[in-house]
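> take a look and give me a structure for this.
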Amino acid sequence: MNLKLRQLQGFAAAASHNSFSAAARELAMTQPAFSQLVRELETSLRVKLFERTTRRVELTEAGRRFLAMIERPLDDLEDAYRFARELAAGTRGRIVFASLPSVAFGLVTVALARFKALHPAITARLVEEQDSNIVDKVLHREVDFGIGTLKTPHDELVFRELLPDELQAVYPQRHPLSAKRRVTWRDLAGGSLVLLPKQSSVRALVEHGFAAAGIAREPDYEVANMVTALSMVRAGLGITVMPRMVLAELNMKGLVAGRIHDPRPARTIGIITRRDRPLSPAADAYVELLFATARSAAYNKR
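Below you'll find the model as predicted:
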């Protein structure tokens, strides 16, 4: 079989218009070239497809049956072509990415809402994980990219800095820490502590802060999520430590946050990708929107 897509498209156009000249214009061809295209198709099929008159062309019985058989495949090919072009343009597709919960809480969600408004045909799956699990998922190609921190450089990974963040102490408005100009790790160690679990990236940074200050301190309460931690602080059970970037998304009624010093618990959030695996157009479009959102004045005033 030696049928060409162009021949089938020309045949369908001529059948639709009952005119070779109109079909030639649709395919941006000269009429002699179009007539040759149809003759080559008829030769390949060994059947006459059109009855030609001086004013119009009409399908033969064989032509009508052939048209009925190719219309759906041509439509399917057109759909497939359009789908592939949309994938290449980043307007259709699927992205899967992993993020630290503290980043997913605000930045990721804000950017994702904007992204879906711009690209409704793209589906997105977000996996909330801790740093070590994010790195593993990127390395094993379980996700397109990760959003988190990379404590140790890795030969197979690329880390693009997205935004800085720091931990802040959170306590009731009338807590004694409210009167201090500088809150230190020693100040935090002197009261009841509500902290996230050990596998949390926030907890790891808290433990590093205490260790750098020469303090050994375990929490009085260990909870699974930030909402519970703030609820316990509001109830007067202690103080907690939270990433600054999530505070605008949480219920801070009756609570205040203060910067921690000696040392200051800072971290850099970034995009983690495999060095040998470029992002798809859809994933790349979302990542660029993440960077734009992180830089935007509206987000930074939150």
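
> that's a strand at Val256, yeah?
Yes: the assignment for Val256 is a strand, going by DSSP: H, G, I helix; E, B strand; the rest coil.

> grab the nearest non-local neighbour of it.
Gln173 (5.4 Å; Cβ to Cβ, 6 or more residues apart in numbering). Using the backbone N, CA and C atoms, a C-beta is placed for each residue, glycine as well.

> quick one: residues contacting that neighbour.
Under the criterion of Cβ atoms under 8 Å, 6 or more residues apart in numbering, the neighbours of Gln173 are 254-256.

> name the nearest of those residues relative to Asp284.
Within those, proximity to Asp284 (Cβ to Cβ) peaks at Leu255, which comes in at 38.7 Å.

> quick check: closest non-adjacent residue to that closest one.
Per Cβ to Cβ, 6+ apart, closest to Leu255 is Val170, 5.6 Å.

> per-residue pLDDT, the one you found?
Confidence at Val170, expressed as pLDDT, is 97.

> is it in a bridge, and if so with what?
With DSSP bridges as the criterion, Val170 is bridged to Thr240, Ala257.

> go ahead and confirm it touches Ser231.
No: using Cβ atoms under 8 Å, Val170 makes no contact with Ser231, being 11.4 Å away.

> and the two? Which one has more around it.
Neighbours per residue (other Cβ atoms under 10 Å) separate Val170 from Ser231, with Val170 holding more: 24 against 14.

> okay but Gly236 is in contact with Gly191, surely?
No: assessed by Cβ under 8 Å, Gly236 is found out of contact with Gly191, at 10.9 Å.

> bridged to Val183, which residues?
Bridge pairing for Val183 - DSSP bridges - gives Ile260.

> shouldn't Glu40 be in contact with Arg6?
No: using Cβ under 8 Å, Glu40 is not in contact with Arg6; the gap is 9.8 Å.
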